[in-house]
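> just need the structure, nothing else, for what follows:
(one chain, ligands or ions: 1)
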Amino acid sequence: MYDLIIIGAGPAGLAAALDADYLRLRTLVLEARKAGGALSQMYPWKKVDSFLGLPGMKGQQVSDRIVEHVRSAGIEIKEGEEVREIHAGNPFRVVTKDATYESAAVILATGVRGVPRKLGVPGEDLPGVIHFLPDPGKFKGRKVLVVGGGDSAADSALGLDAAGANVWLAHRRDDMRAQDESKEELRKSKVKILWNTEVESVFGHGKAEGARVFSNKTGEKTELRCDTVLICIGSESTKDHLERLGIRMERALVKVDEDGMTSVPGIFAAGDIVSRIKRIPQALATGERAAYSAYKYIKKPYWK
Ligand SMILES: Cc1cc2nc3c(=O)[nH]c(=O)nc-3n(C[C@H](O)[C@H](O)[C@H](O)COP(=O)(O)OP(=O)(O)OC[C@H]3O[C@@H](n4cnc5c(N)ncnc54)[C@H](O)[C@@H]3O)c2cc1C
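Numbering: from 1, shown residues only. Just a heads-up that it's a prediction; the model follows:
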């Protein structure tokens, strides 16, 4: 039984965790992927332009610093623990694939990108199958299969092409949802687009060495040998789940009061899911506010 469970270990969740620890709350952080949030998952190679006191650092470096800071305080972060359900009550029950945890309060800090959607095909969990593009430059001369038809698939394929990778783009339809400008650039690029094509499986010994794809028009099967499979088919939105819980949303944001509490008493929210301004300083500030408010909610100090 914890005082507080924080869902998501990005800047908001980590700031909340540090503050909760300072306030002596017994805290658990549950993270679906790896701690660090968008910094390490989306732009590890990019310079972070807004972190006061840490000029010129890249996303991964900032992520390492903030994760290390929280871990060194002795705060428990469980990675690979995607939260699937929250049952409101006293205590709250927070359910992941393998376990159920209990706490007196919960902070949602899941960001807006959700958890990458999976194809649901054999071999998808092999090393070499990725859902975000780290430094495109690392793929120079490599063979990469990008799967998807939206902006992130198009941008990733273009970024890889510009970096000198050999790129296939497999899309299950005969047109893409991506911006017209990207589609135009794709036409001019060396990216080989496989229309009406779906992935049947990823194969390899210990790591991805290729994918078996098939045409959903003709049924024809092809084996593509590649080093990396980049799956860009969107994210599992947490919105439906939040609404099912009775958490009120307003224009795609979780609605919170001035203490950062949602419409469900005891559930707080922080970071990109509550902020119009989606920046790290905002995430840190709302994370701290949520932790402080959770402390008041749990401990009910006389001065509250
Ligand atoms: C390409 C790009 C560049 C950016 N550059 C800058 C910049 O230079 N400066 C700046 O200030 N901001 C920048 N931002 C914005 C900044 O990264 C975000 O505002 C910030 O990361 C928000 O923090 P967060 O903790 O709310 O969410 P996130 O960082 O998105 O973290 C949320 C975490 O929750 C986890 N999670 C999601 N669902 C679940 C679940 N069900 N169970 C468990 N865990 C879950 C995710 O895996 C993730 O780790 C950039 C964003 C992008 C996409």
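> just the helices in the stretch 1-150 of the chain please.
11-22, 38-41, 59-72 (DSSP state H, counting those that start in this stretch).
> buried residues in the last one, which are they?
Same thing as helix 59-72. Across helix 59-72, burial judged by 16 or more other CB atoms under 10 Å covers 59, 60, 61, 62, 63, 64, 66, 67, 70. Backbone N, C-alpha and C define where each C-beta goes, glycine included.
> give the contact list for the residue in the stretch 51-200 of the chain that the ligand sits nearest to.
Closest approach between the stretch 51-200 of the chain and the ligand, counting by CB to the nearest ligand atom: residue 111, at 2.3 Å. Residue 111 is in contact with 8, 10, 12, 37, 38, 271, 272, 273, counting by CB atoms under 8 Å, 6 or more residues apart in numbering.
> please indicate which of those residues are buried?
8, 10, 12, 37, 38, 271, 272, 273.
> ok, and which of those reach the ligand?
Applying CB under 6 Å from any ligand atom to these, one finds that 8, 10, 12, 37, 38, 271, 272 fall near the ligand.
> what about residue 162, how many neighbours?
Using other CB atoms under 10 Å, residue 162 is surrounded by 14 other residues.
> and the nearest residue to it once chain neighbours are set aside, what pLDDT?
Spatial nearest neighbour of residue 162, chain neighbours left out: residue 136 (7.1 Å); criterion: CB to CB, 6 or more residues apart in numbering. Here, the pLDDT recorded for residue 136 equals 87.
> is the ligand contacted by the longest helix along the chain?
Longest helix of the chain, by residue count under DSSP state H: helix 280-299. Yes. Contact of helix 280-299 with the ligand is found when judged by CB under 6 Å from any ligand atom, involving 280, 283.
> what angle sits between that helix and helix 59-72?
With axes from the mean of the first three to the mean of the last three CA atoms, to 10 degrees defining the directions, helix 280-299 sits at 20 degrees from helix 59-72.
> helix 280-299 packs against which elements?
The contact analysis (3 or more CB pairs under 8 Å, 6 or more residues apart in numbering; DSSP states H and E) places helix 280-299 against strand 2-7, helix 11-22, strand 100-108, strand 267-269.
> which residues sit against that helix?
By CB under 8 Å, 6+ apart, the residues outside helix 280-299 that reach it are 3-4, 10-20, 23, 25, 39, 48, 50-52, 62, 104-105, 107, 109, 259-261, 265-266, 268-272, 274-275, 301, 304.
> now stretch 196-209: mean pLDDT?
97.
> got the buried ones among the contacts of residue 111 as JSON lines, with pLDDT and distance to residue 191 columns?
What follows is those, written out as JSON lines (pLDDT from 0 to 100; distance: CB to CB, whole Å):
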{"residue": "8", "pLDDT": "96", "distance to residue 191": "33"}
{"residue": "10", "pLDDT": "98", "distance to residue 191": "31"}
{"residue": "12", "pLDDT": "98", "distance to residue 191": "35"}
{"residue": "37", "pLDDT": "94", "distance to residue 191": "29"}
{"residue": "38", "pLDDT": "90", "distance to residue 191": "25"}
{"residue": "271", "pLDDT": "96", "distance to residue 191": "34"}
{"residue": "272", "pLDDT": "91", "distance to residue 191": "30"}
{"residue": "273", "pLDDT": "93", "distance to residue 191": "34"}
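> so how far is residue 170 from the residue nearest to residue 162?
Distance of residue 136 to residue 170, computed by CB to CB, to the nearest Å: 18 Å.
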